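Colleague: generate coordinates for the sequence data below:
(one chain, ligands or ions: 3)
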Amino acid sequence: MKEKVYILDTTLRDGEQSPGASMNTAEKVRLATQLEKLGVDAIEAGFPAASEGDFEAVAEVARKVSNSEIVALARASVHDIDRAWKAVGHAAKPRIHTFLATSDIHMQYKLNMSRDEVLKSAVDAVKYACSFTDNVEFSAEDGSRSDPDFLCQVFEAVINAGAKVINLPDTVGYAVPHEFGELVAYVRKNTPGIDKVILSVHCHNDLGLAVANTLAAIENGARQAEVTINGIGERAGNTSLEELVMTLNTRPTYLPVTTAIETTRIYRISRLVSMITGMPVQPNKAIVGANAFAHEAGIHQHGVLANPMTYEIMKPETIGLTTSKLVMGKHSGKHALHKHLKTIGYDLSEEELKLVFKKFKELADKKKVVLDEDLEALVNEGVLRTADIYSLQYLHVTAGTTVLPTATVKMLINGAEAFCTGSGNGPIDATFNAISELTQTQSSLLRFSVNALTGGTDAQGEVTVRLKEDEIIALGRGADPDIITASAYAYINGLNRLEYLKENPARTSEAL
Ligand SMILES: CC(=O)SCCNC(=O)CCNC(=O)[C@H](O)C(C)(C)COP(=O)(O)OP(=O)(O)OC[C@H]1O[C@@H](n2cnc3c(N)ncnc32)[C@H](O)[C@@H]1OP(=O)(O)O
Ligand SMILES: CC(C)C(=O)C(=O)O
Ligand SMILES: [Mg+2]
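Modeller: Numbers count the residues shown, from 1 in each chain. Ligands and ions are numbered 1, 2, ... in the order given. Take a look at the predicted model:
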């Protein structure tokens, strides 16, 4: 039988201490309701003495949530504890969390207090909080940099004063896993009464070790982990809930513990936190990053198509995603391209695939991600087309603030040279009018879009047009550093496709 590790989520308190991540009451309530559904044992909703707004938010969360404990943070002071209790006293399961620093540097420079004064103040605070509720947590701020014997002395005293949860924070993220694990073991061995309470840890990620330190602590007997969604929190953040829980879930024999977290809710709550706080999740973030279940390299994509477990240690469904993603880019291979083309409606023969694959690689060298629309154009161009009727030979455009935009176009039409001059509202309109005049076509332009294929003012411009003639629709695409030339290529490309589709109506639905 596995022992339970209690999860205290502090996204609404320490997470909110991320610069710019402040949440209002409605946002805190919305998140707290989702955290409750996620199955966290306790929600630290805020620091009621910090402001009227936070007091209100904690009080409202305490009204709305009934399954998870609602925790309010307070300094070791009568005023803060009074505010904390006023805010959470009406919760179905309230907890007061009071804290005081125990490291020499914090006591000397920040608190201006001696060890004896800190010991007394911690005991007084816990006793006062216990006059409201028997559910009191005490944290020794900067515990990991405190003298271990003094730490044990303070813990013993606050346990005797009534604290039910004893928290050992690595406030500044200075600990390393084996050392932090040893400190937890030391505290367990040298604090009388520690087995009657829950030993908790609260790690920060300044060295990127918050999750590793929390795991080391659990390995050594800690049974509450303080975490945040997406690992947000003061400075570099806190232990990330999703990384901790998914490590325990994915490696079930690593530690003999379990949590009550409903993992299939992880992805959506990660998105919600990101949306509410305005803090984007980095794409390569473990578990919830956009790339965590995305594969770009051809060798990986081939493996994943054969059996996802070749390159996926977790099923995407476990965190609430429907599937993993095969991203079409310059590292993709033929297997993935074939499969992807099928999903967007093109079942190509071996020969056709070879042709499109070559063009796909050329395009992928220029573009970061190849979109479905690009693939569609490649298929249309490479497979669904015969020799062009129209091609551009020459284009000269005059445009500016004081001249009528004019375009002179020379084309090859069925092998014969032809040229004419057209005018229009702008240089592209003038070019299109000249081409339309030369080709004597009646198509209408349904869409015209310009994208930069690369960055900077020297970017390749890519133009896409959608043309319609007699109920037949064709896409045209052209690329050139000059967007007027790119537009001419796209228009002529679209006209060639229209001609082809008129001759081959069976291909029409594929080209749409
Ligand atoms: C590690 C952590 O995450 S701790 C939690 C951090 N969270 C916050 O700070 C919440 C937001 N904070 C605030 O809104 C404000 O700092 C308040 C309302 C709490 C206090 O504001 P102020 O009274 O203006 O004090 P200020 O923030 O400048 O300084 C902190 C004071 O608290 C004292 N203090 C710090 N920690 C504690 C503690 N655990 N117990 C008692 N006093 C403490 C400091 O010594 C200092 O006291 P002083 O004013 O007598 O010098
Ligand atoms: C208040 C305490 C638990 C804290 O956030 C820390 O020490 O990092
Ligand atoms: Mg903290």
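Colleague: output the below-cut-off pLDDT ranges for the stretch 401-512 of the chain.
Modeller: Applying pLDDT under 70 to the stretch 401-512 of the chain flags residues 453-460, 505-512.
Colleague: per-domain residue ranges of the chain.
Modeller: According to automatic domain parsing, the chain is divided into the following domains: 3-277, 295-382, 390-511.
Colleague: for stretch 24-37, the distance to its chain's centre please.
Modeller: 19 Å (C-alpha atoms, centre = their mean, to the nearest Å).
Colleague: with just CA atoms, put that stretch into CSV.
Modeller: Included here for stretch 24-37 are C-alpha records, laid out as CSV according to Å, rounded to 0.1, in the frame of the first residue of the first chain:
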residue,chain,number,x,y,z
ASN,A,24,-8.3,39.5,-8.8
THR,A,25,-11.1,37.8,-6.8
ALA,A,26,-13.0,36.4,-9.7
GLU,A,27,-9.8,34.9,-11.2
LYS,A,28,-8.7,33.4,-7.9
VAL,A,29,-12.2,31.8,-7.4
ARG,A,30,-12.2,30.5,-11.0
LEU,A,31,-8.7,28.9,-10.5
ALA,A,32,-9.5,27.6,-7.0
THR,A,33,-12.6,25.8,-8.3
GLN,A,34,-10.4,24.1,-11.0
LEU,A,35,-7.7,23.2,-8.4
GLU,A,36,-10.4,21.6,-6.3
LYS,A,37,-11.4,19.5,-9.3
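Colleague: how about it: buried residues?
Modeller: 25, 27-32, 34-36 (16 or more other C-beta atoms under 10 Å). All C-beta atoms are positioned from the backbone trio N, CA, C, and that covers glycine.
Colleague: got the residues you listed as TSV, with secondary structure, distance to residue 235 and pLDDT columns?
Modeller: Formatted as TSV, the entries for those read as follows, by DSSP: H, G, I helix; E, B strand; the rest coil; distance: C-beta to C-beta, whole Å; pLDDT from 0 to 100:
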residue	secondary structure	distance to residue 235	pLDDT
25	helix	26	96
27	helix	22	95
28	helix	21	97
29	helix	27	96
30	helix	26	94
31	helix	21	96
32	helix	24	97
34	helix	25	97
35	helix	22	98
36	helix	28	98
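Colleague: quick one: which of the residues you listed is nearest ligand 1?
Modeller: Proximity of the buried residues of stretch 24-37 to ligand 1, judged by C-beta to the nearest ligand atom, is greatest for residue 28, which lies at 14.6 Å.
Colleague: just checking, that closest one touches residue 57?
Modeller: Yes. Contact criterion C-beta atoms under 8 Å: residue 28 and residue 57 qualify, at 4.4 Å.
Colleague: so which helix or strand takes in residue 417?
Modeller: Applying DSSP states H and E as the criterion places residue 417 in strand 416-423.
Colleague: so is stretch 60-79 next to ligand 1?
Modeller: Yes. Using C-beta under 6 Å from any ligand atom, a contact is recorded between stretch 60-79 and ligand 1, made by 75-77.
Colleague: would you work out how far apart the start and end of that stretch are?
Modeller: Stretch 60-79 has an end-to-end distance of 20 Å (criterion: C-alpha to C-alpha, to the nearest Å).
Colleague: rewinding a little: make TSV out of the domains of the chain and add distance to residue 285.
Modeller: Listed next are the domains of the chain as TSV, based on distance: least, C-beta to C-beta, whole Å:
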stretch	distance to residue 285
domain 3-277	7
domain 295-382	12
domain 390-511	25
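Colleague: about what we covered before: most neighbours of all the residues of stretch 60-79 next to ligand 1, which one?
Modeller: For these, neighbours were counted using other C-beta atoms under 10 Å, and residue 76 has the most, 25 neighbours in all.
Colleague: tally of neighbours for the closest residue to that residue other than its chain neighbours?
Modeller: Setting aside the residues directly before and after it, residue 76 is nearest to residue 125 in space (C-beta to C-beta, 6 or more residues apart in numbering), at 3.6 Å. For residue 125, the neighbour count with other C-beta under 10 Å is 26.
Colleague: check the closest residue in space to residue 143 that isn't next to it in sequence and give its pLDDT.
Modeller: In space, not counting the residues next to it along the chain, residue 143 is nearest to residue 168; the distance is 4.4 Å by C-beta to C-beta, 6+ apart. As summarised for this prediction, residue 168 has a pLDDT of 98.
Colleague: and residue 168, bridged to which residues?
Modeller: Taking DSSP bridges, one finds residue 201 as the beta-bridge partners of residue 168.
Colleague: what's it in contact with, if anything?
Modeller: 139-140, 143-144, 151, 183-184, 187, 199-202, 217, 222 (C-beta atoms under 8 Å, 6 or more residues apart in numbering).
Colleague: what does residue 146 give?
Modeller: Residue 146 sits next to 102-104, 140 when contact means C-beta under 8 Å, 6+ apart.
Colleague: just checking, what packs against the longest helix seen in the chain?
Modeller: Residue-count comparison of every helix in the chain, with assignments taken from DSSP state H, identifies helix 483-503 as the longest. Contact here means 3 or more C-beta pairs under 8 Å, 6 or more residues apart in numbering; DSSP states H and E; on that basis helix 483-503 packs against strand 390-398, strand 406-413, helix 427-439, strand 444-452, strand 461-469, strand 472-480, helix 508-511.
Colleague: and with 10 Å instead?
Modeller: For helix 483-503, the elements it packs on are helix 372-382, strand 390-398, strand 406-413, helix 427-439, strand 444-452, strand 461-469, strand 472-480, helix 508-511, judged by 3 or more C-beta pairs under 10 Å, 6 or more residues apart in numbering; DSSP states H and E.
Colleague: neighbouring strands for the fifth one, and are they parallel or not?
Modeller: Using DSSP bridges, the neighbouring strands of strand 444-452 in the sheet come out as strand 461-469 (antiparallel).
Colleague: angle of the strand it pairs with against helix 427-439?
Modeller: With axes from the mean of the first three to the mean of the last three C-alpha atoms, to 10 degrees as the criterion, the two stretches strand 461-469 and helix 427-439 enclose an angle of 50 degrees.
Colleague: now the closest residue to ligand 1 within the stretch 301-450 of the chain: closest residue in space, sequence neighbours ignored.
Modeller: Ligand 1 sits closest to residue 319 of the stretch 301-450 of the chain, with a gap of 28.2 Å, by C-beta to the nearest ligand atom. Spatially, and ignoring its direct neighbours in sequence, residue 319 is nearest to residue 266 (4.3 Å; C-beta to C-beta, 6+ apart).
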